[in-house]
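A.B. asks: Got a sequence here, can you model it:
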Amino acid sequence: MKKVLAFLLAVAILHSVTIYSSAVAEDGEIPPIKIAMFLPMTGSLSAMGTYEDRAMKIIADHFNNTLGGVKSMGGAKFEIRVFDMQSDINLIKTVMERICNEYQPMAIVGGGSSAFVVPALSVNERYQIPFLTQCSGRQIQESGYQYSIALTAIADEIGNSQIKFLDWLVGEKNYSITKAAILNVDNDYGNGQANGARAVLKGSTYKLVYDQNFPAYITDASSLITSIKASGAEVLFLTAEPSQGPLIFDAMDALNYHPVIMGGGSAMAYPSFADALGDNVLGLCSIANSNRYITNVYQSEDFVNLYQKYEDTYNEGTAESFCNDVSVIQAIYECLEQNPTYDAVELTKNLRAGSWTTCWPSYPRADGTPGKMEFKENGGAKHSFFPIVQWQKHNGRYEMRAIWPPEILVGRNGYIDYNIINR
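C.D. replies: The predicted model follows:
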């Protein structure tokens, strides 16, 4: 029986591999630059994998065809393959072992969730292959591993951004906010976000007056919203999935209750969330890893064109993970142009030591130019933080637009629509 299960598992993983681009030059003389995408293409987190799959097709075409590959390596092209860990924590090490042992890439990117990345790190560390991830779990940056590279700030910073944004609304935009409520779906994603909100509210000037979770299979949210409204909360820290969002927002509209909504990113920042809610999503604020409407994106015509090509191709706004995928390949591309190598150990050393153009948000440098991607000794990002974005509607399309902090917004005034920030 064990042999049968092992065979079925091997077959499942084998069929989970997708090749984005055939990157070997026509004459076959120039080896490709092999990149493995470690993603949940199936299972409960498959939406994450879907958005990154779409993104990488466009990104690979840009670096391989538009730019012509890595010129310092004779025009070597990126060969990018997706490996599906099926949203199953029990498969993490098995899939990572196959990536490292059989595919032997120069770098691994993705992860989907910190819960999937942490157990995988010991495997790529053993093979001395860098793993670049947008996941923000503290354990990733404090693991002590030399081959883990985190592109984002640690998750602790999520709450700090949320509170600073509320302080900005109160101090700069004259909002009246003194009471806060927490409402979250009862699963790992929702409970994790709620724990973070509780911790940061405890040390703030905002009083927590309501705190409740709800089951994923909820069919009516009226009683929840009635209680939140009665609490007097002016801001709601909400974590919900596309299936629950319409029930919650319909109940708010029915009760004429329109607080500032502070979302927890992830599923709430996906185009599918806006598709599920329709116009009810307008005004919802959330933390995010990045956004196209920041100076780091607009510093580069290539970045702007990549975002636009994705939106034109798929007729939807980009998920926040798009920035991660662009920035990872951009950093590897720049690094190899400056330090050509096919050695993963050498690539890791050079990536950690260098300074790279990025569309991750970072505060401008002293000369006013956008910040660069740089890393600490532990492989964590030096300058990254979590901006606040808001769901808005432009030219008939729902999209998230960065609204805070002002220093990183395009044109400094940004795109905030104060008429809909309170739903």
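A.B. asks: Can you give me the buried ones in the one helix or strand K164 maps to?
C.D. replies: Here K164, judged by DSSP states H and E, is contained in helix 156-173. Neighbour-count burial for helix 156-173 flags 157-166, 168-170 (criterion: 16 or more other CB atoms under 10 Å). C-beta: built from backbone N, CA, C; applies to glycine.
A.B. asks: Now do the next helix or strand after it against helix 156-173: the angle between them, please.
C.D. replies: Downstream of helix 156-173, the first helix or strand assigned by DSSP H and E is strand 179-185. Using axes from the mean of the first three to the mean of the last three CA atoms, to 10 degrees, the inter-axis angle of strand 179-185 relative to helix 156-173 is 140 degrees.
A.B. asks: Mind listing the strands strand 179-185 pairs with, and their directions?
C.D. replies: If you go by DSSP bridges, strand 179-185 pairs up with strand 207-214 (parallel), strand 235-239 (parallel).
A.B. asks: Pull out the buried positions in the longest one.
C.D. replies: So that's strand 207-214. For strand 207-214, by 16+ other CB under 10 Å, it's 208-211, 213-214.
A.B. asks: Restricting to C-alpha, output it in CSV.
C.D. replies: Extracted in CSV, the C-alpha atoms of strand 207-214 (Å, rounded to 0.1, in the frame of the first residue of the first chain):
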residue,chain,number,x,y,z
LYS,A,207,-9.9,51.1,21.9
LEU,A,208,-10.9,47.6,20.8
VAL,A,209,-14.6,47.4,21.4
TYR,A,210,-15.6,44.3,19.5
ASP,A,211,-13.7,41.1,18.6
GLN,A,212,-15.3,38.1,16.9
ASN,A,213,-14.6,35.4,14.4
PHE,A,214,-17.0,33.6,12.1
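A.B. asks: Show me what the helix or strand that it is followed by packs onto, helices and strands only.
C.D. replies: Using DSSP H and E, the helix or strand that follows strand 207-214 in sequence is helix 222-231. For helix 222-231, the elements it packs on are strand 179-185, strand 207-214, helix 245-254, judged by 3 or more CB pairs under 8 Å, 6 or more residues apart in numbering; DSSP states H and E.
A.B. asks: would TSV of those with distance to E79 be doable?
C.D. replies: Below are the helices and strands packed on helix 222-231 laid out as TSV (distance: least, CB to CB, whole Å):
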stretch	distance to E79
strand 179-185	38
strand 207-214	44
helix 245-254	38
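A.B. asks: Serialize the ones you listed to CSV and add fields for distance to Q390 and mean pLDDT.
C.D. replies: Listed next are these as CSV, based on distance: least, CB to CB, whole Å; pLDDT from 0 to 100:
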stretch, distance to Q390, mean pLDDT
strand 179-185, 18, 95
strand 207-214, 23, 97
helix 245-254, 15, 91
